[in-house]
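K.L.:
The following block contains a protein sequence and its predicted model.
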Amino acid sequence: MTDEQTESETHRRATEIATGLAHLEGPLLPILHAVQHEFGCVPEDAIRAIAKVLNLGRAEVHGTMTFYPDYRAEPGGAHTLKLCRAEACQSMGGDALADEARRILGIDFHETTADGALTLEPVYCLGLCACAPAAMLDHEVHGRVTAETIGRIAEGVGA
């Protein structure tokens with residue numbers, strides 16, 4: 001399949017998704033969620049389709065997508081590890097924990113391991129301030145995270 005055909009298919013499917021959810025009150029965020037679920041990211045061709053269906057400028061759709069850290073323009077890894085970067089976690093060793101996670105994984109924030117197993121993302125509060133520092137693997141939260149815990153998490157996802 002050529003890039004042109006792939007873009008056409010992406011645009012077609014994103015149009016279907018956007019059209020199906022356009023009736024909602026404030027449909028842009030639900031549409032972005034659905035498109036990301038479908039493609040693993042929100043590709044540029046999908047942004048054009050969403051903008052057309054909602055009668056918005058592409059810049060408005062792109063601006064909304066890039067404002068929220070959970071949306072991505074490129075596919076992430078099979079798993080996502082989020083490390084809390086908020087004040088409570090920082091005061092309990094969050095910087096050292098982030099350094100150790102980057103060392104163990106061999107990647108920085110917003111990057112994915114070479115095998116595609118894990119993407120490392122910063123997050124600015126997981127609501128576990130009393131159990132700082134905190135992390136979240138996919139949708140499972142972990143409190144009082146240590147370098148050893150990060151190592152076990154990474155091993156558990158094959159990173």
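P.N.:
Cool, got the structure.
K.L.:
most centrally placed residue in this structure?
P.N.:
The residue lying closest to the centre of the chain (C-alpha atoms, centre = their mean) is Asp70, at 3.8 Å.
K.L.:
Wait, a helix at that one?
P.N.:
No. With the criterion set as DSSP: H, G, I helix; E, B strand; the rest coil, the secondary structure at Asp70 is coil rather than a helix.
K.L.:
wait, what's in contact with it?
P.N.:
The neighbours of Asp70, taking C-beta atoms under 8 Å, 6 or more residues apart in numbering as the test, are Gln36. For every residue, glycine as well, the C-beta is placed using N, CA and C.
K.L.:
Walk me through the domains of this protein.
P.N.:
For the chain, the structural domains run 3-67, 79-156, going by automatic domain parsing.
K.L.:
Could you dump the ones you listed into a markdown table and include mean pLDDT?
P.N.:
Listed next are the domains of the chain as a markdown table, based on pLDDT from 0 to 100:
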| stretch | mean pLDDT |
| --- | --- |
| domain 3-67 | 93 |
| domain 79-156 | 94 |
